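Colleague: the sequence and its predicted three-dimensional model are supplied below.
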Amino acid sequence: LAGAAERMAINHPIQGTGADLMKLAMLAVDRHLRSKGLGDRVRMLLQVHDELVLEVRADAVADTARTVRRIMEHVHPLDVPIVVDVKAGDNWSQIEPLEDEKTS
């Protein structure tokens, strides 16, 4: 019981910080999409834990992936890097890393 409480006490601030970073990232991505008038090409659909799900026209996938990765990795200055993986697919069962992700 004490061990579980200790793990929860340690984990809670980490998860809370992760959630706050995700909220900042969502706001920054939305702000970028609106400022560039990309609403007809890119839509942020939902957040699943530490992931953002976007619907992107096929001709905008590569540019959007680079931009969203950059925004998310630099959403807040930290001493450790935030690493963002980007995947794409026509549906959930076809999602896989983009070509530049496969070579990283």
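Modeller: Now that the structure is in, tell me what you want to look at. The model shown is predicted, which means the values in this text are computed figures rather than measured ones.

Colleague: tell me the mean pLDDT for stretch 71-80?
Modeller: Mean pLDDT, stretch 71-80: 96.

Colleague: contact partners of that stretch?
Modeller: 21, 24, 25, 28, 29, 32, 52, 81, 82, 83, 84 (Cβ atoms under 8 Å, 6 or more residues apart in numbering). C-beta here means a position set from N, CA and C on the backbone, and glycine is covered the same way.

Colleague: ok, 7 Å please
Modeller: With contacts defined as Cβ atoms under 7 Å, 6 or more residues apart in numbering, stretch 71-80 is touched by 21, 24, 25, 28, 29, 32, 81, 82, 84.

Colleague: now do stretch 14-28
Modeller: Residues contacting stretch 14-28 (Cβ under 7 Å, 6+ apart): 44, 47, 50, 52, 71, 72, 75, 76.

Colleague: okay, now the unreliable bits of the protein?
Modeller: 100-104 (pLDDT under 70).

Colleague: now do the strands in it.
Modeller: 42-48, 51-56, 87-88, 96-97 (DSSP state E).

Colleague: could I have the CA atoms of the longest one written out in CSV?
Modeller: Pointing back at strand 42-48 there. Taking C-alpha atoms only, strand 42-48 is exported to CSV below (Å, rounded to 0.1, in the frame of the first residue of the first chain):
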residue,chain,number,x,y,z
VAL,A,42,-5.8,20.2,-42.0
ARG,A,43,-8.1,19.5,-39.1
MET,A,44,-7.1,18.6,-35.6
LEU,A,45,-9.6,15.9,-34.7
LEU,A,46,-8.7,14.7,-31.2
GLN,A,47,-6.2,14.0,-28.6
VAL,A,48,-5.5,10.4,-27.4
